[in-house]
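> Take this sequence and fold it.
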Amino acid sequence: MLESFGSESNYPLNPLANPYQIGLLGNVEPTGGIISQSAVKNLLTGGTSHELINTALIVPGIEDRLIMSDDSFGSQIEDTSNSVDNSVDSLTGIVLSQGTDSDRQLPPILQQALRSAHDSLTGLATDPDYNAKMNLAFGDNFDTKVANDIVQKFAKANFTELPSIEIVPSAAINGANGAFDKATNRIYLSSEFVAENAGNPGAITSVLLEETGHYIDSKINISDATGDEGDIFARLLQGQTISTGELLGLKAEDDTATVAFNGQNYFLEMSRSPIQGSIGSFYYSNPNIARDLGESTGNEVQFAPGKWRQDFQRGAIFHSSNGTFSVRGSLGKYYLNIGGQNSQLGLPTGEEVHIGNGNWQQNFEKGFIDWRNNGTGQVILIPANNWRGEYFSNINLTDKPVFFENLGDGSRGFSRNWGNNSPSLNIPTDNFSARMTTQRYLAPGLYKITTQADDGIRVRIGNQTVVDKWVDQPFVTNSGYFYSNGSNFPIAIEYYERGVGAAINFNITPATKFQDSVNESQQWKATVFNWNGSQGNQPPINFWNGEMNNQNAIGVINLGSNTRSDGKKGINFDWGDGAPNRDGNRLPHNNFAIGAYTWADFDGSPYKFRVRGDDGFQIRAKNHSTGEWFDITVPNQWTQAYGFTEITKALPAGRYDLAFNYYEHGGLANFDLSWEKPGNPDIDIQLVRLNGFTDQEWQTILKAEQNWERIITNDMFSSDHPRGGVLKVAVVKEQLNGGEAGWFAGTYDVGKTNPVIRDVENSDVDRNGVDYDNIIQFNTRRFQEVLKNNWLVRVAMHEIGNTLGLTDDNSKPNLMRHGSFDPIMDGNFDRLTNLGYKVDRNVPIYWS
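The predicted structure follows:
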């Protein structure tokens, strides 16, 4: 125990109870307990490099004494006073008597810490991970018998062989929290450490367990285990998780030091302040930084909510919402000397970076330090409302920034044109990136953000991305919009330069609404709105309420004629990744919505609306006479259809505002809408292969299907007919018998029915429970002859013709009687058109 004494001459020296004493005024008095130089070789050395400290020179002006006991810490610590009178221990407040050693009990804080340490040690023998923990801490070559004997004694609460404990000044054990000396079998605790943790027995327990680990290692290993085995042992025993990085760091540590007493050297294994949590992960994951910092000199301290600091021999590590960063070297010393986290700079937001010619910079919350090669530092404060520039030596804003600068007042925009150069000597002229940030109050209202960049640029205000053109591009204008409710917002601009010229321009101004001239009877009148894409992937379905009076309305534009280039009514635009009408000077390219309408007349009969869009749309119609709205797409929700979808809708006769709402979240922007009275659909001939054909034979048969689909441009049946638009035919290879034995193939000839129904109700047609319209049976008796003469497509064409309604006689409609049918013959054309098909007789027909 550490005490302050008024007069050393009053102290009755007891060489047994006090193996040595250290006078910190410069005198060192050897006693019988001092270990001789010849005994040094028996002490634990651990590593090959040790720091030597002369305790006679530690702290002049204070006289302290190390009071040691030969008893184990399993029972008690013994204290001795230097006065015949009772005195009060300045550390614990316990009254110390002049009585025998056994009368002096442990201070309460140590009693509590020891009980906790005992509990952990008692349970070690029954730990299911005992072997793994021992191997991890002490290696795999230790004496397992000795280890088991020690642990079994712990299990029986027998701690009599554990080292005794002494409280000493931290400087006496090289600034450590605790230390273990093998030769004297003693554990030393730092008096400063105990005082700092008077309300934290867990911290003292951790040190006791660590030094116990050093003790166990001295008993079961011939030489000191690799690294800080005591720290590893203590953490495992307390159930702490050790990351891979931390373990590698602990295994690489040298946990020993050499202390000089009266010209003789003593080797100790020590417990430093633990380096753990986020700070520990950073420390052990960055060995070069750890080497620069040296050992910890104190515990991690939380100095504000969510903010921590831990000091080291040559710097400090800070952890906050900014991340985990160190300050070290000359720049770090300069920062700590001007107040560290309490200075005007605030906390570090990055590591120090070399900016060329021996000059360094480090970024902080409110500015940066510029450390020059002449050994002088300069604090450059960047107010929160100024633009802060950070530059990176890559195009991805990754790794640490290599240069910082103050870009000026954040209430205004800024412009930089580096031409073929770069912002700094240590930044490449090509393939660099930058982040410019500021804080700005935006009064309520809509704001327009105008950017120009060569190459990519991205702008975020608050949590909303308002410009996102992260692509190689020339120095073109891209705009975005942001609605403010009247608050301070962080603004961040990200930029990259790929090659050749490098330039960026940024401006933010209150938006001015505009309105282009539109004749809505013949053109599409569209109001463009901004919407906050960070609040979801879709704008509210009623985003357009209030139209130009809406707070997010940008302006009215003309989308062009309501008669498309193909003659149909509607609209078709494809803006790619650009703005509406490709007007990037006035309009955003992402996160916009459009409410558009034009006049349209309907006669009360059904109309077919054909539409697709990227991203989403809604189609409605408002009757001019009644003001009634009719939903064409599903009401009150967005429809997404990247491929065409068709909707048939009959509106009461009259004139309408035919309206569509459309939004674009990101990527490509396109929309295709048309409407017309429905005609008969194209025909989809579906031949279904059931059995008997090789792949090559089947591919040849499908050519007949493709021929007919080119010939028939509209089916004979309308879309609302059960068979309209689809002809589904089973195809088999079977032996035909009787009168059909000589046929190449057979099909039910619907051409002989009146009217042609094209849906044969016969049990032989529907195979495997499938309702086919017809069946084609290739006769196995003559199939090889068909193949030999290359007639397979002809026969298939003939049979499909039967299913369409062509007759099976020897007149002109019979496809088999002609040697060539390109173009289609008059008889076939007449028959098909009479049945109601629309036919293109000039398409090519392939016969093989």
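
> Where does pLDDT dip in the stretch 701-848 of the chain?
For the stretch 701-848 of the chain, applying pLDDT under 70 flags the ranges 808-825.

> Let me see the ranges of the helices in it.
Using DSSP state H, counting those that start in this stretch, the helices of the stretch 701-848 of the chain run over 783-788, 792-804, 826-835.

> Output the second one as CSV, nothing but the C-alphas.
Yep, that's helix 792-804 we're talking about. The C-alpha trace of helix 792-804 is given here as CSV (Å, rounded to 0.1, in the frame of the first residue of the first chain):
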residue,chain,number,x,y,z
LEU,A,792,-41.7,-31.3,-94.1
VAL,A,793,-42.4,-27.6,-94.1
ARG,A,794,-44.9,-28.0,-97.0
VAL,A,795,-46.9,-30.7,-95.3
ALA,A,796,-46.9,-28.6,-92.0
MET,A,797,-48.0,-25.5,-94.0
HIS,A,798,-50.8,-27.5,-95.6
GLU,A,799,-52.0,-28.9,-92.2
ILE,A,800,-51.8,-25.5,-90.4
GLY,A,801,-53.8,-24.0,-93.4
ASN,A,802,-56.5,-26.6,-92.6
THR,A,803,-56.7,-25.5,-89.0
LEU,A,804,-57.0,-21.8,-90.1
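
> Mind giving me the packing neighbours of it?
helix 695-711, strand 726-734, strand 745-747, strand 774-779, helix 826-835 (3 or more CB pairs under 8 Å, 6 or more residues apart in numbering; DSSP states H and E). C-betas here are computed from N, CA, C, even on glycine.

> Export those as TSV, with columns for distance to residue 393 and mean neighbour count.
Shown next, in TSV, are the helices and strands packed on helix 792-804 (distance: least, CB to CB, whole Å; neighbours: other CB atoms under 10 Å):
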stretch	distance to residue 393	mean neighbour count
helix 695-711	57	17
strand 726-734	62	20
strand 745-747	74	20
strand 774-779	70	23
helix 826-835	71	16
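
> Select, out of these, the one closest to residue 358.
helix 695-711 (74.5 Å; CB to CB).

> Does anything pack onto that closest one? Which helices or strands?
strand 684-689, helix 792-804.

> Could you double-check that residue 168 lies in contact with residue 190?
Yes. Between residue 168 and residue 190 there is a contact at 6.9 Å, judged by CB atoms under 8 Å.

> returning to what we had before: save the helices and strands packed on helix 792-804 as CSV, and put in distance to residue 231 too.
Below are the helices and strands packed on helix 792-804 laid out as CSV (distance: least, CB to CB, whole Å):
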stretch, distance to residue 231
helix 695-711, 70
strand 726-734, 77
strand 745-747, 88
strand 774-779, 83
helix 826-835, 91
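
> which one of the ones you listed lies closest to residue 636?
Nearest to residue 636, of these and by CB to CB, is strand 726-734 at 33.0 Å.

> where does the protein dip in pLDDT?
Within the chain, the ranges that satisfy pLDDT under 70 run 1-106, 225, 245, 249, 251-272, 808-825.

> And the helices in it?
Using DSSP state H, the helices of the chain run over 108-122, 130-138, 144-155, 191-196, 201-220, 229-237, 244-252, 277-285, 287-293, 329-337, 695-711, 783-788, 792-804, 826-835.
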